[in-house]
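Visitor: Sequence and predicted structure, then a few things I'm wondering about:
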Amino acid sequence: MKYYLIAGERSGDFHAANLMKQLGQQDPQADFRFWGGDMMQAVGGTMVHHYQEMAIMGFWEAATSLLKFRGYLKECQRDLLEYKPDVVILVDYAGFNMRVAKFAKEQGVKVFYYISPKIWAWNQGRVHKVKALVDRMFVILPFEEAFYQRFEYKVDYIGNPTADAVAEHPAAPDFHQRNNLDPQKKIIAVLPGSRKQEIEEMLYEMLAILPPFLDYQFVVAGVDNLDPAYYAHFERNNVRIIFNQTYDLLAHATAALVTSGTATLETALFGVPQVVCYRTSAVSYAISKAVIKVRYISLVNLIADREVVKELIQSDFNSRNLVQELKKITEDEANITRMKADYAELREKLGQQNAAEKAAKLMVGYLKK
């Protein structure tokens, strides 16, 4: 069968690549065409566009890029008509993907959604559009199944692919040596995101707090979809940039500063105490404040439905607060113990269910029907 996938960011590329591997196991004749990234490309098939071309952060930034997105949407529609897939598989990235879903539905193409858009966070009324346009929804957060049930929409909860990936990751024993790190110094991991725009917003502030933490080494998780030279101006004494080793970094870290996103969940699953950070433009923040319906921004707190990790958002994200909160997760043993106990509950709640394999089996089964 022919599968057309769309992932609009790095985490989507990761999850879609694992899904493609499993689809290939279930359907040896699988043919893939996709909008995604390097990890999907490594699996095989034809890439139409790299997600890096489409990575926009914030409501206002998305609005100002509207003409660019319209051009991509028109191109995607033409490409779909030419490719004639058996199914379109959308991975998160709601702003673009829901428009693709509408077009695909009009053309009589089946639409599967792998990793629900976060409509439970804002504009919950969009669930009616999801019901009309998406043939099958595959969700990865425990509370999403109950959310959709409120609207009489049956979805498939497949477990959490991030929990699977973390559980299966073997920590590299030569991590310090390979990256010229001091084995005697504890590591503070810095995860500033994967898009240039968010890194600009986050990383300068994250690295402005070094003096009180000279006994630690700060290690920044860089991504290879950005030019390594871009990171050079962030390097300084006691700061090391490494690339494509985020899981190994978290496996060896004592604490972490993390930009809100999937990385907050990954950090928790590795048992690393963290401070969650987020800042965007003033206009985007004002809009999001008006429409967001949930109390937290980090997946850790959302899944737990209480504050497990501290969130420093917008004006609260500053050097003074960072120092204060980082000391709490490096020096306050009671706080560290409490956070790790909460992480253990989180791991138990998510379990390990081989989400990509489960989703692939269900998808191929639905298509064969």
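Guide: Structure received.
Visitor: hey, where'd the strands end up in the chain?
Guide: 2-7, 31-36, 46-50, 87-91, 110-114, 136-139, 156-157, 186-191, 216-222, 239-243, 255-259, 274-278, 310-313 (DSSP state E).
Visitor: What helices and strands are in contact with the shortest one?
Guide: Packing partners of strand 156-157 (3 or more C-beta pairs under 8 Å, 6 or more residues apart in numbering; DSSP states H and E): strand 136-139, helix 142-149. The way it works is simple: take the backbone N, C-alpha and C, and place the C-beta from them, glycine included.
Visitor: Of those, which shows the lowest average pLDDT?
Guide: Among these, helix 142-149 carries the lowest mean pLDDT, at a mean of 91.
Visitor: follow-up on the earlier one: return the most buried member of the helices and strands packed on strand 156-157.
Guide: strand 136-139 (a mean of 23; mean count of other C-beta atoms under 10 Å).
Visitor: can you give me the offset of that one from its chain's centre?
Guide: Taking C-alpha atoms, centre = their mean, to the nearest Å, the mean C-alpha location of strand 136-139 is offset from the chain mean by 17 Å.
Visitor: Name the strands paired with it and say parallel or antiparallel.
Guide: strand 110-114 (parallel), strand 156-157 (parallel) (DSSP bridges).
Visitor: ok so, going back, right, so of the helices and strands packed on strand 156-157, which gets closest to Leu367?
Guide: In terms of C-beta to C-beta, the element of these nearest to Leu367 is strand 136-139, at 9.6 Å.
Visitor: and Lys328, which of the helices and strands packed on strand 156-157 is closest to it?
Guide: helix 142-149 (27.2 Å).
Visitor: For Val130, grab the count of nearby residues.
Guide: 21 (other C-beta atoms under 10 Å).
Visitor: which stretches of the stretch 101-250 of the chain have low pLDDT?
Guide: With pLDDT under 70 as the threshold, the stretch 101-250 of the chain has low-confidence stretches at 121-123.
Visitor: Ala359 - how many residues pack around it?
Guide: Residues near Ala359, counting by other C-beta under 10 Å: 28.
Visitor: per the record, what domains does the protein have?
Guide: 2-159+353-368, 168-350 (automatic domain parsing).
Visitor: what's Arg195 sitting at in phi/psi?
Guide: phi -110, psi 140 (degrees, to the nearest 10).
Visitor: from now on call the first residue 36
Guide: Got it, first residue is 36 now, which makes that one Arg230.
Visitor: Do I have it right that it meets Glu44?
Guide: Yes. Counting by C-beta atoms under 8 Å, Arg230 does reach Glu44; the two are 7.4 Å apart.
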